[in-house]
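Colleague: the following block contains a protein sequence and its predicted model.
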Amino acid sequence: MQWVFFPLHADTPAEGLPLKDLFAGRGLDLEAMHTRMKGLMESEKLPYERRTHTYNSRLAQELAKWADSQPGFEAIHDALYKAYFVHSRNIGDSKVLVAVAESVGLVPDEAREVLTERTFREAVDADWEKARRSGITGVPSFAAGGNKVVGAQPYEVLVKLLEAAGAQPR
């Protein structure tokens with residue numbers, strides 16, 4: 001599996017944005033959206049709590065891109081998921097991100113340097129361009145064998161995507 005990052009709400013300010021403001025004027029029911037996501041996550045045994053804000057994920061993506069180059073990188077993705085979707089932490093805040101990196105065993109000073117120097121900025125820019133060229137419009141998106149599915153999907157949908165791409169069960 002390869003993580004490719006996507007610019008979801010890239011214009012969100014550093015301090016975040018209330019969800020009610022993000023979705024204002026779209027006629028969306030935030031309570032129904034939460035209930036649907038909570039149900040999907042519970043069916044997959046994933047933790048998920050109510051959020052009131054969205055946060056800019058650009059720095060989190062740069063941190064994760066760096067972590068992908070380090071031993072044990074998989075842990076950063078789960079830790080960032082939990083920071084955002086379970087604990088409602090601002091994943092656009094460097095201090096929060098350094099703490100998340102440290103929680104999975106990454107060196108905090110190195111994480112801080114990656115965020116300060118923006119050493120993975122170009123790599124994430126390349127991911128954003130790849131996502132755009134691939135027609136990705138939302139997250140998560142899963143692509144295999146020229147096909148893709150967008151959004152939180154049941155396990156069976158992902159299995160069908162992989163089978164259609166010729167993947168063999170292990």
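Modeller: Nice, thanks for sending it over.
Colleague: other residues contacting stretch 5-14?
Modeller: 17, 22, 54-58, 61, 64-65, 92-93, 124, 127-128, 131, 136, 138-139, 141 (Cβ atoms under 8 Å, 6 or more residues apart in numbering). Where C-beta positions appear, they are placed from N, C-alpha and C, glycine not excepted.
Colleague: mind running it again at 6 Å?
Modeller: Residues from elsewhere that reach stretch 5-14, judged by Cβ atoms under 6 Å, 6 or more residues apart in numbering: Thr54, Asn56, Gln61, Gly92, Val124, Asp127, Trp128, Ala131, Ile136, Val139.
Colleague: looking at these, which are in strands?
Modeller: Thr54 (DSSP state E).
Colleague: now, among the contacts of stretch 5-14, which is nearest to Leu162?
Modeller: Ile136 (17.8 Å; Cβ to Cβ).
Colleague: element containing the closest residue in space to that closest one that isn't next to it in sequence, please.
Modeller: Spatial nearest neighbour of Ile136, chain neighbours left out: Phe6 (5.6 Å); criterion: Cβ to Cβ, 6 or more residues apart in numbering. Taking DSSP states H and E as the definition, Phe6 sits outside all helices and strands.
Colleague: re earlier: may I see the ChimeraX selection of the buried members of the contacts of stretch 5-14?
Modeller: Burial among the contacts of stretch 5-14 is assessed by 16 or more other Cβ atoms under 10 Å; the matching ChimeraX selection reads:
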select :54,56,61,92,124,127,128,131,136
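Colleague: identify the farthest-apart pair in the contacts of stretch 5-14.
Modeller: Applying Cβ to Cβ across those, the maximum distance is between Gly92 and Ile136, 20.9 Å.
Colleague: just the buried residues of stretch 79-92, please?
Modeller: Within stretch 79-92, the residues that count as buried by 16+ other Cβ under 10 Å are Ala79, Leu80, Lys82, Ala83, Tyr84, Phe85, Arg89, Asn90, Ile91, Gly92.
Colleague: among those, which are located in helices?
Modeller: Ala79, Leu80 (DSSP state H).
Colleague: how about JSON lines for the buried residues of stretch 79-92, with distance to Asp29 added?
Modeller: Output for those, formatted as JSON lines (distance: Cβ to Cβ, whole Å):
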{"residue": "Ala79", "distance to Asp29": "30"}
{"residue": "Leu80", "distance to Asp29": "27"}
{"residue": "Lys82", "distance to Asp29": "26"}
{"residue": "Ala83", "distance to Asp29": "26"}
{"residue": "Tyr84", "distance to Asp29": "22"}
{"residue": "Phe85", "distance to Asp29": "19"}
{"residue": "Arg89", "distance to Asp29": "25"}
{"residue": "Asn90", "distance to Asp29": "25"}
{"residue": "Ile91", "distance to Asp29": "25"}
{"residue": "Gly92", "distance to Asp29": "26"}
